[in-house]
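Engineer: Can you look at this prediction? I've put the sequence above it.
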Amino acid sequence: MTKYLSILGSTGSIGRQTLEVVEQMPEIKVTALTAGTNVERMARQCRQFLPELAVMADEASAKALKDAIEDLPIRVLWGMEGLIAAAEQEQADTVVTAVVGMLGLKPTLAAIRKKKRIALANKETLVCAGELVMQAAKECGAEIIPVDSEHSAIFQCLMGSRSKEEIRRLILTCSGGPFFGKTRQELETVTKADALRHPNWKMGHKITIDCATLMNKGLEVIEAMRLYDLPLSQVDVVIHRQSIIHSLVEFVDGAVMAQLGVPDMRVPVRLAMTYPDRAENPAAPLDLLTCGPLTFHEPDVENFPCLALARQAALMGGTACPVLNGANEAAVALYLQDAIGFYDIPRLVQKAMDTVPFIQTPDLEEILQADQAARQAVCRSL
């Protein structure tokens, strides 16, 4: 049970929902908050939750925050040094890693070394350096509780399982995003505004675009492999438009277990706070009589090639995964700036995977270098 909490990425979607959960759990004290450049929202959070430490992305934002909360006894830091300080914050027993992208890797490793519980909402950490992260957690005795709805679902389905040898396969569900069923010709003309209209979830822009391309599900395939130490052949994806079944586990005896619930991230967030116990949740309960039929479809990897690219990277392993992720982050950023089209995202990712040198067993520095090389490859390809 969490008593003291540090939230990395408190002004983002997951961070805000985590704080909504904390509002319902007065027994939890927030000790550190970190954000990007949203000074106004961070100042409000600081006044409400009174952390010991607040961290911004850059020096200018940190100065603005310090001015805004100068009457409060809160230490203000900035940059990676500040993120790591928040992750290592002595009093915190749980660290929610909700920052977007590779930014979360070093702070997560820092928290693991301090033997914190990691409420993991940053999938890129395991996508890019999963073997290193899971080995560090094992060596340090740190607990990793997934917050992504799909991985939380699998985590819950496996609570009674004694061995991974009992698992036949993991089945990740996927909403299909806003473009489910569209042809390639239709997808050639979709707009950024179209891509940001997710049918079931309210999330940040980057992850919403990843859902539209199905890259998000590809990253989750890699994350599942790392979390549960399973090969690619035992991780499947099925389109489930209603987002009621959050994922399933098929066991060797043919039994299939699923976790169902309303599409509300406060459910997995709260579980990460209270595990191994469960507690009342502010999220609405699932009503089976009104949720409608539950349907399933095979993913369309021909018109949504990002899922196939992710599975290719998963099969290769090594630096293929940080290259995939780094190139995708760079391409999505360009797409959000209206600098490229929808299908330029998989094209640029594929080119980076084809051109960045591959290392089979990279160390942390080589993973970070591969990430940067992938981003540079995307910029050169414009």
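Structural biologist: Here it is on my side, so go on.
Engineer: now I7, nearest residue through space, not along the chain?
Structural biologist: Using CB to CB, 6 or more residues apart in numbering and skipping residues adjacent in sequence, the residue nearest I7 is V96, 4.6 Å away. (Glycine included, C-beta is placed from N, CA and C.)
Engineer: And the pLDDT at E220?
Structural biologist: On the pLDDT scale, E220 is placed at 96.
Engineer: and it, that's in a strand?
Structural biologist: No: following the definition DSSP: H, G, I helix; E, B strand; the rest coil, E220 is helix and is not counted among the residues of a strand.
Engineer: quick one: it from T125, how far?
Structural biologist: The spacing between E220 and T125, counted by CB to CB, to the nearest Å, is 13 Å.
Engineer: Which residues are in contact with I118?
Structural biologist: Under the criterion of CB atoms under 8 Å, 6 or more residues apart in numbering, the contact list for I118 reads T94, V95, T97, T108, A111, I112, A137, A142, E143, I144, I145.
Engineer: what's it sitting at in phi/psi?
Structural biologist: In terms of degrees, to the nearest 10, the main-chain angles of I118 are phi -100, psi 110.
Engineer: next one: the one 4 residues further on
Structural biologist: When read as degrees, to the nearest 10, the backbone of N122 gives phi -110, psi 90.
Engineer: where's it relative to V133, distance?
Structural biologist: If you measure N122 against V133 using CB to CB, the figure is 10 Å.
Engineer: higher neighbour count, these two?
Structural biologist: Under the criterion of other CB atoms under 10 Å, the comparison of N122 against V133 puts N122 first, with 27 against 23.
Engineer: Can you give me every residue that contacts the closest residue to that one other than its chain neighbours?
Structural biologist: Closest residue in space to N122, ignoring its immediate chain neighbours: G104 at 3.5 Å, by CB to CB, 6+ apart. Counting by CB under 8 Å, 6+ apart, G104 touches L8, G9, T97, N122, E124, T125.
Engineer: between the residues you listed, which is nearest L309?
Structural biologist: Minimum distance to L309 across the contacts of G104 is 15.3 Å, recorded for E124 (CB to CB).
Engineer: how's this structure carved up into domains?
Structural biologist: Residue ranges for the domains of the chain, per automatic domain parsing: 4-146, 153-262+284-301, 317-382.
Engineer: Do me a favour and get the end-to-end distance for the last one?
Structural biologist: Right, the one you point to is domain 317-382. Counting by CA to CA, to the nearest Å, the length from the leading to the trailing residue of domain 317-382 is 27 Å.
Engineer: Report the next helix or strand after the worst-scoring helix or strand of the chain on mean pLDDT in sequence order.
Structural biologist: Across the helices and strands of the chain, mean confidence by mean pLDDT, DSSP states H and E is lowest for helix 192-195: a mean of 90. Heading C-terminal from helix 192-195, the first helix or strand you meet, by DSSP states H and E, is helix 205-213.
Engineer: could you dump that following helix to CSV, C-alpha only?
Structural biologist: What follows is helix 205-213, C-alpha atoms only, in CSV (Å, rounded to 0.1, in the frame of the first residue of the first chain):
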residue,chain,number,x,y,z
HIS,A,205,-1.6,13.9,-28.3
LYS,A,206,1.4,11.7,-28.8
ILE,A,207,-0.2,8.5,-27.5
THR,A,208,-3.5,9.3,-29.4
ILE,A,209,-1.6,9.5,-32.7
ASP,A,210,0.1,6.2,-31.8
CYS,A,211,-3.3,4.7,-31.3
ALA,A,212,-4.4,6.0,-34.7
THR,A,213,-1.4,4.4,-36.4
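Engineer: for it, packing partners?
Structural biologist: Based on contacts counted as 3 or more CB pairs under 8 Å, 6 or more residues apart in numbering; DSSP states H and E, the elements that helix 205-213 packs against are helix 192-195, helix 215-228, helix 320-336, helix 344-355.
Engineer: can you rerun that using 7 Å?
Structural biologist: For helix 205-213, the packing partners by 3 or more CB pairs under 7 Å, 6 or more residues apart in numbering; DSSP states H and E come out as helix 320-336.
Engineer: I would like the residues contacting the helix it packs on, please.
Structural biologist: 101-102, 124, 127-128, 192, 205-206, 209-210, 215, 219, 222, 309-310, 313-314, 340, 344-345, 348-349, 352-353, 356, 358, 367, 370-372, 374-375, 377-379 (CB atoms under 7 Å, 6 or more residues apart in numbering).
Engineer: Repeat that for stretch 140-160.
Structural biologist: 14, 112-113, 115-121, 123, 137, 170, 172-173, 220, 223-224, 227, 246-249, 257-259, 265, 268-269, 271-272, 275.
Engineer: Please indicate which of those are buried?
Structural biologist: Buried members of the contacts of stretch 140-160, scored by 16 or more other CB atoms under 10 Å, are 14, 112, 116-121, 123, 137, 170, 172-173, 220, 223-224, 227, 246-249, 257-259, 265, 268-269, 271-272, 275.
Engineer: Filter those residues down to the ones in strands?
Structural biologist: When these are checked against strands using DSSP state E, the ones located there are 117-120, 170, 172-173, 246-249, 257-259.
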